[in-house]
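Colleague: the following block contains a protein sequence and its predicted model.
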Amino acid sequence: MFRLPLFFSGNGRVALVLGDGTVAQRKAQLLLRSGCNVRVLSTDRSEWLGQPFYERAVDSGTLELINTLDSSSALEQCWQGIFIAVAAHDDPNVNTPFIVLAKSKAVLVNALGDAAASDFLFPSIIDRAPIMAAVSSGGELPILSRLIRSRIEAVLPH
């Protein structure tokens with residue numbers, strides 16, 4: 001499947017991330033670094049708080065942590081103004097309804113481990129400002145993407 005590689009500026013747009021743990025945190029961090037404001041649907045705020053990067057983002061208002069146990073009306077409101085969404089829960093049964101809802105709202109969605117259901121993918125990123133490169137196999141050969149990334153990193157100056 002052909003995908004158009006883009007370099008995205010979040011520039012104040014709002015992203016919604018579903019999940020706890022390192023994968024959700026990595027995606028949220030990338031979105032925050034791109035300039036997005038990020039809302040996270042999480043069952044465990046302690047996964048996020050206690051880490052300086054996320055605490056600073058909460059304090060600055062660029063990261064909002066929303067408890068997924070809140071009422072359904074509160075969860076519905078969290079979709080207001082969303083530009084892109086990331087389903088990064090470790091349980092596909094939790095991700096699936098989130099993906100369906102995102103698509104019904106015409107929100108671009110990335111589905112963890114499901115390239116076919118994803119409107120966009122997160123590539124492997126090499127950031128040597130001002131040079132940035134991205135490598136992706138479209139979710140089919142992540143090991144090859146990592147190998148190519150390591151070779152590019154070896155030739156770019158730090």
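Modeller: Everything's here; your move.
Colleague: how about the residue sitting nearest the centre point of the chain, what does it touch?
Modeller: With distances taken as CA atoms, centre = their mean, residue 27 lies nearest the centre of the chain, 3.2 Å away. Going by CB atoms under 8 Å, 6 or more residues apart in numbering, residue 27 touches 17, 86, 88, 110, 122. Any C-beta I mention is one placed from the backbone N, CA and C, and that applies to glycine too.
Colleague: using JSON lines, lay out these together with neighbour count.
Modeller: Compiled in JSON lines, the contacts of residue 27 are given as follows (neighbours: other CB atoms under 10 Å):
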{"residue": "17", "neighbour count": "28"}
{"residue": "86", "neighbour count": "30"}
{"residue": "88", "neighbour count": "27"}
{"residue": "110", "neighbour count": "22"}
{"residue": "122", "neighbour count": "18"}
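Colleague: ok so, going back, what's the nearest residue to the residue nearest to the centre of the chain if we skip its chain neighbours?
Modeller: residue 86 (4.7 Å; CB to CB, 6 or more residues apart in numbering).
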